[in-house]
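K.L.:
Sequence and predicted structure are below.
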Amino acid sequence: MIPDWKLERFLVNNLSKAEMEDIRREELSDEFLHARLETLRKKNAEFFEKHPADLELFEIRSKAEGRKVVAKRYYKPLLVAALFLIVLMPVFAPDILPLWKKSTVEVSAYTEDGLRVKGLAPRFEVWKKTQDSAVILTEKSEVRAGDELQVRYLVPEKCYGMIFSMDGRGSVTFHLSDGGSALSLEPGKMRALDFAYKLDDAPYFEKFYFLVSANRFTLDVKNLDSLLKDKGIRVESLSLRKADKGWGK
Amino acid sequence: MKGPMNTGNFKFDSLYRTFSPMVFRRCLALLKEEAEAFDVMQEVFVRVLTREDSLDLNAPSSLLWTSATRLCLNRIRDKTRRGLVDSTDALLPQIANLKDEFDGYERSNMFFQLFSGEPVSSRTIAVLHYVDGMTLEETAKEVGLSVSGVRKRLGSLQTKLKILEAVK
């Protein structure tokens, strides 16, 4: 028996020529098939009597147009807003831009207890010794000649790094390096350098740098700028102002 | 029949006048309720109009038939989730409630497990082949896949079904 779906295709002339011809021929000799097809033809007529095509076409077009209007009204403005955000955010909100930049070292870190915490970057801290304790220094903290500073750092994974500082005279002091080359650093909890650093009387500032890279690198003081701009090196820095000369006055 | 069918375009009128009774009967056969079938039939044509730039209507019967099948299956699935259809009684509600990669319906019977991980069109393929009685060739033509592709999917389903039956 010919399935219903094929009879439907026959009625709308959507079968191959051979299939159309076969069914036409069979309808002439098969009363049952003829009755099935006649029933469908009557149902077609009844359908349009009950649901006038002009009326239905108007309703379908109204619905379709309504959806297009909604799409234009909401989807396109949303798309424009999204593009606007992506393109212009770095211009108007540059502080957010680094969030999209990939670090040269995978970002994750260790807490003081040595627990791995994902989502943090390699970092370092500079502490100043006080009479009976120590205080952590922040950007542009005030320091003086003779202050004793202790540096600590952590990296999230095995990498190469160095810590050095530059003072107001342009002198560079290495705090963590292998003769000017980056050392292999092991991930783990926050590590303090083996020795403290006593500030001299250089004026204006003391700026600390913590450089980290997945690859070994060497610092040539003459080409410090190019090294700091190297995309393969992550740079963390902390500027301290000298209270006795320069910024501090 | 590819390309724009803007408002007033004769081609869309002709498409509707030729195929709407067929689409309505298709929906009625699956949904069993006239008002609901008419609603879904309208939806099929609304979608043709709203997607006029991307639809190739060289084979309108297949497109409209499979679109109607998919929308009806979605409707049956929604009704089943609301407790309006008993999904264990008949094949169609079971197929309608199969899990595919775009929805997260719970696996509650053999058919959920059977179709787990199958591509989106598995439900439609299953209806065309198991409910409509289309051959592999006809099913493949209907959904725009190769015969081997359809055979592979159905074969995979049959294998899974045997394994599930054996486990039970």
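P.N.:
Arrived safely, thanks for sending. As the structure is a prediction and not an experimental result, all values here were calculated from the model. Numbers count the residues shown, from 1 in each chain, chains lettered A, B, ... in the order given.
K.L.:
burial measure for residue B:133, as a count.
P.N.:
The tally of other residues near residue B:133 (other CB atoms under 10 Å in any protein chain shown) stands at 14. For the C-beta atoms, the positions are set from N, CA and C on the backbone; glycine is no exception.
K.L.:
I'd like to know which helix or strand in the chain has the lowest mean pLDDT.
P.N.:
Looking at chain A here, since you left the chain open. Here the helix or strand of chain A ranked lowest by mean pLDDT, DSSP states H and E is strand A:108-110, holding a mean of 39.
K.L.:
my question was about chain B
P.N.:
For chain B, counting by mean pLDDT, DSSP H and E, that's helix B:110-115 with a mean of 38.
K.L.:
helix or strand right after that helix?
P.N.:
helix B:122-126 (DSSP states H and E).
K.L.:
now for that next one, which elements pack on it?
P.N.:
With contacts taken as 3 or more CB pairs under 8 Å, 6 or more residues apart in numbering or on different chains; DSSP states H and E, helix B:122-126 sits against helix B:60-81, helix B:91-96, helix B:110-115, helix B:136-143, helix B:147-167.
K.L.:
what's the least confident stretch among the ones you listed?
P.N.:
Ranked by mean pLDDT, these end with helix B:110-115 at the bottom, a mean of 38.
K.L.:
which SSE is residue A:6 in?
P.N.:
Secondary structure (DSSP H and E) places residue A:6 in helix A:4-11.
K.L.:
which parts of that helix are buried?
P.N.:
By 16 or more other CB atoms under 10 Å in any protein chain shown, the buried positions in helix A:4-11 come out as A:5, A:6, A:7, A:8, A:9, A:10, A:11.
K.L.:
Could you tell me the angle between it and helix B:60-81?
P.N.:
140 degrees (axes from the mean of the first three to the mean of the last three CA atoms, to 10 degrees).
K.L.:
For helix A:4-11, C-alpha coordinates in CSV please.
P.N.:
Only the C-alpha atoms of helix A:4-11 are listed here, as CSV (Å, rounded to 0.1, in the frame of the first residue of the first chain):
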residue,chain,number,x,y,z
ASP,A,4,0.0,8.6,3.2
TRP,A,5,3.1,10.8,2.9
LYS,A,6,3.6,9.7,-0.7
LEU,A,7,0.0,10.4,-1.6
GLU,A,8,0.4,13.8,-0.2
ARG,A,9,3.4,14.4,-2.5
PHE,A,10,1.5,13.0,-5.4
LEU,A,11,-1.3,15.6,-4.8
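K.L.:
helices or strands up against that helix?
P.N.:
Against helix A:4-11 (3+ CB pairs under 8 Å, 6+ apart) you get helix A:17-29, helix A:31-50, helix B:10-31, helix B:60-81.
K.L.:
Let's see that with 10 Å instead.
P.N.:
helix A:17-29, helix A:31-50, helix B:10-31, helix B:60-81, helix B:136-143 (3 or more CB pairs under 10 Å, 6 or more residues apart in numbering or on different chains; DSSP states H and E).
K.L.:
Turn those into a markdown table, columns for distance to residue A:182 and mean neighbour count.
P.N.:
Listed next are the helices and strands packed on helix A:4-11 as a markdown table, based on distance: least, CB to CB, whole Å; neighbours: other CB atoms under 10 Å in any protein chain shown:
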| stretch | distance to residue A:182 | mean neighbour count |
| --- | --- | --- |
| helix A:17-29 | 77 | 12 |
| helix A:31-50 | 80 | 13 |
| helix B:10-31 | 69 | 20 |
| helix B:60-81 | 60 | 20 |
| helix B:136-143 | 60 | 19 |
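K.L.:
what does chain A put close to chain B?
P.N.:
Chain A comes close to chain B at residues A:1, A:3-9, A:11-15, A:40-41, A:43-48, A:50-51, A:53-54, A:56-68, A:71, as judged by CB under 10 Å from any CB of the partner chain.
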